[in-house]
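>>> this one's structure only:
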């Protein structure tokens with residue numbers, strides 16, 4: 001079976017449009033890369049900057065800057081690795097957890113409002129599409 005590039009392109013375009021729609025109501029100063037790093041820390045627990053960079057597919061220097069910005073905002077903190085004093089672990093703070101939850105709630109509300117405007121059959125089709133698409137992701 002040949003790859004369906006047109007379908008993949010349409011899906012990526014839709015992803016971008018949904019992201020832009022949700023970013024228009026954004027009320028905080030956290031960038032997309034900061035949000036991704038914070039979300040990963042909240043889902044998977046504390047990590048080194050190098051491991052975060054690998055997981056997010058960016059250079060360690062870029063992730064270092066992202067983490068520093070999150071530290072400056074009070075959303076994450078650093079601590080020495082008790083197993084290896086040469087390493088530093090990064091973890092989300094309670095403030096970071098609350099900020100992420102608030103941002104998630106806001107974005108969810110925007111999308112839920114838009115979805116509720118669809119006819120019931122279309123909402124069911126969206127739910128079915130999500131069930132089909134979810135296995136395409138690895139996270």
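Alright, I've got the coordinates. Only a predicted model underlies this, so the values are computations on that prediction, with no experimental measurement involved.
>>> contacts only, for residue 115.
Going by CB atoms under 8 Å, 6 or more residues apart in numbering, residue 115 touches 123, 126. Bear in mind the C-beta positions are built from the backbone N, C-alpha and C, glycine included.
>>> remind me which helix or strand residue 50 belongs to.
helix 49-56 (DSSP states H and E).
>>> contacts for that helix next, please.
Residues contacting helix 49-56 (CB under 8 Å, 6+ apart): 33, 36-37, 40-41, 44, 47, 59-60, 62-64, 67, 88, 90.
>>> just give me the closest of those residues to residue 133.
The nearest member of the contacts of helix 49-56 to residue 133, counting by CB to CB, is residue 36 at 19.2 Å.
>>> residue 56 versus that closest one, what's the distance?
6 Å (CB to CB, to the nearest Å).
>>> where do the helices sit along this structure?
Using DSSP state H, the helices of the chain run over residues 5-23, 32-44, 49-56, 60-72, 94-116, 120-133.
>>> can you pull the contacts of the closest residue to residue 88 other than its chain neighbours?
If the residues on either side of it in the chain are set aside, residue 88 comes closest to residue 78, at 5.0 Å by CB to CB, 6 or more residues apart in numbering. If a contact means CB under 8 Å, 6+ apart, then residue 78 has 67, 71, 88, 89, 90 as its contacts.
>>> what of residue 66?
31, 33, 34, 37, 58.
>>> most neighbours, which of those?
Ranked by neighbour count (other CB atoms under 10 Å), the contacts of residue 66 have residue 37 at the top, with 28 neighbours.
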